[in-house]
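Asks: sequence unknown, structure follows:
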């Protein structure tokens, strides 16, 4: 804090306290002229109501004195009086560091026994799964939903099914959490035109049983084979190496009706999974991975629970 602003805060605090104390003392000692009956002479409702004057109650006086004393003590012990650090040298940063250090100690006590377990063991370990669930709720649920079933509005995939853009093994999921992903579907409206876009979308949704004009499907397959197989594969089953989704299953990032598919083909998509390495430790990311594995029931049943 600069010298000017420190002086400004000090002056403002002193003036505020000074005025408050002066008003308090003045309220105790001042005398308001009253009539013999103890009223000021102000009447309302044709004399039915009269304004009386009573001294301040002693409980209010004592509380006020205590409040002034508390304020002075606080400004002498803690920062707040300009750049004066206070006799206790307390800072919010220091308080945060102390609490963080204490929490790290407690966290280490809980994490240490889990660190040597495999993902399969973690996914059937009651405490590890509970810990992973809490970490998931704190860090992942905003996009993927509380039950990890995804959110088509933001293109967040369902984490509980068997459909994975980059692979569903534990190490790949861990990499996705720590390093993030960036999946790009380029817009193809320029290459396909209006009719071509509709035809490709029609071909894609027809595989799942959606009723569309047969001639659109035939023309769409030709265009699909020319433009789309490089990423999604000749059979349309996707390519985990580049995060290209399977187009012929029931899992859809942005919705599988004809309108949503047309929008994806025409305008493209840009799905971003942010990296969490700066926020989560490797241990915490492993526990989230274990919880996700447990939800998808991809754990070998012969592994005994701890």
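Replies: Here it is on my side, so go on. Note that the coordinates shown come from a computational prediction; the quantities given were computed from them, not determined experimentally.

Asks: when you work out contacts or count neighbours from here on, use the C-alpha atoms and nothing else.
Replies: Noted.

Asks: distance from the centroid: which residue in the chain tops it?
Replies: Distance from the C-alpha centroid of the chain, by C-alpha atoms, centre = their mean, peaks at residue 36 (67.7 Å).

Asks: ok, longest helix in the protein?
Replies: Counting residues, the longest helix found in the chain (DSSP state H) is helix 3-29.

Asks: helix or strand right after that one?
Replies: The first helix or strand that comes after helix 3-29 along the chain, using DSSP states H and E, is strand 39-44.

Asks: what's the following helix or strand after that next one?
Replies: strand 49-52.

Asks: so what are the sheet partners of that following strand and their directions?
Replies: The strands beside strand 49-52 in its sheet (DSSP bridges) come out as strand 39-44 (antiparallel).

Asks: buried ones in the strand it pairs with?
Replies: Residues residue 39 are the ones in strand 39-44 that count as buried (16 or more other C-alpha atoms under 10 Å).

Asks: what's the spacing between that strand and its chain's center?
Replies: Computed by C-alpha atoms, centre = their mean, to the nearest Å, the chain-centroid distance of strand 39-44 equals 60 Å.

Asks: tell me what the longest helix of the chain is packed against?
Replies: The contact analysis (3 or more C-alpha pairs under 8 Å, 6 or more residues apart in numbering; DSSP states H and E) places helix 3-29 against no helix or strand.

Asks: could you redo the last one with a cut-off of 10 Å?
Replies: Using 3 or more C-alpha pairs under 10 Å, 6 or more residues apart in numbering; DSSP states H and E, the elements in contact with helix 3-29 are helix 58-77.

Asks: related to what we said a few turns ago, tell me the mean pLDDT for the longest helix of the chain?
Replies: Helix 3-29 comes out with an average pLDDT of 91.

Asks: how near is the residue farthest from the centre of the chain to residue 29?
Replies: From residue 36 across to residue 29, the span is 20 Å (C-alpha to C-alpha, to the nearest Å).

Asks: go on, residue 172?
Replies: 78 Å.

Asks: ok, those two, which is more surrounded?
Replies: Higher neighbour count among residue 172 and residue 29: residue 172, with 13 against 9, using other C-alpha atoms under 10 Å.

Asks: surely that one forms part of a helix?
Replies: Yes. Using DSSP: H, G, I helix; E, B strand; the rest coil, the secondary structure at residue 172 is a helix.

Asks: what residues are up against the closest residue to it other than its chain neighbours?
Replies: Leaving out its chain neighbours, the residue that sits closest to residue 172 by C-alpha to C-alpha, 6 or more residues apart in numbering is residue 166, at 7.1 Å. Contacts for residue 166 were tallied using C-alpha atoms under 10 Å, 6 or more residues apart in numbering; they are 172-173, 175-176, 181, 183, 238-245.

Asks: so for stretch 228-238, what gets flagged as buried?
Replies: Of the residues in stretch 228-238, 228-229, 231-233, 236-238 count as buried by neighbour count, 16+ other C-alpha under 10 Å.

Asks: err, stretch 87-96, not the other one
Replies: For stretch 87-96, burial by neighbour count (16+ other C-alpha under 10 Å) applies to no residue.

Asks: before we move on, back to that, identify the farthest-apart pair in the contacts of residue 166.
Replies: Of all pairs drawn from those, the greatest distance, 19.4 Å, lies between 175 and 238 (C-alpha to C-alpha).

Asks: for residue 207, give me the pLDDT.
Replies: 85.

Asks: could you find the closest non-adjacent residue to it?
Replies: In space, not counting the residues next to it along the chain, residue 207 is nearest to residue 248; the distance is 6.2 Å by C-alpha to C-alpha, 6+ apart.

Asks: what's the burial count for the one you found?
Replies: Counted by other C-alpha under 10 Å, the residues lying close to residue 248 total 16.

Asks: and for residue 131?
Replies: Neighbours around residue 131, by other C-alpha under 10 Å: 18.

Asks: in which helix or strand would I find it?
Replies: Using DSSP H and E, residue 131 falls within helix 126-139.

Asks: show me where the stretch 101-250 of the chain has its helices.
Replies: Per DSSP state H, counting those that start in this stretch, the stretch 101-250 of the chain carries helices over the ranges 119-122, 126-139, 141-144, 170-179, 189-206, 214-227, 229-232.

Asks: make CSV out of the ones you listed and add distance to residue 56.
Replies: Below are the helices of the stretch 101-250 of the chain laid out as CSV (distance: least, C-alpha to C-alpha, whole Å):
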stretch, distance to residue 56
helix 119-122, 67
helix 126-139, 52
helix 141-144, 55
helix 170-179, 64
helix 189-206, 80
helix 214-227, 87
helix 229-232, 83
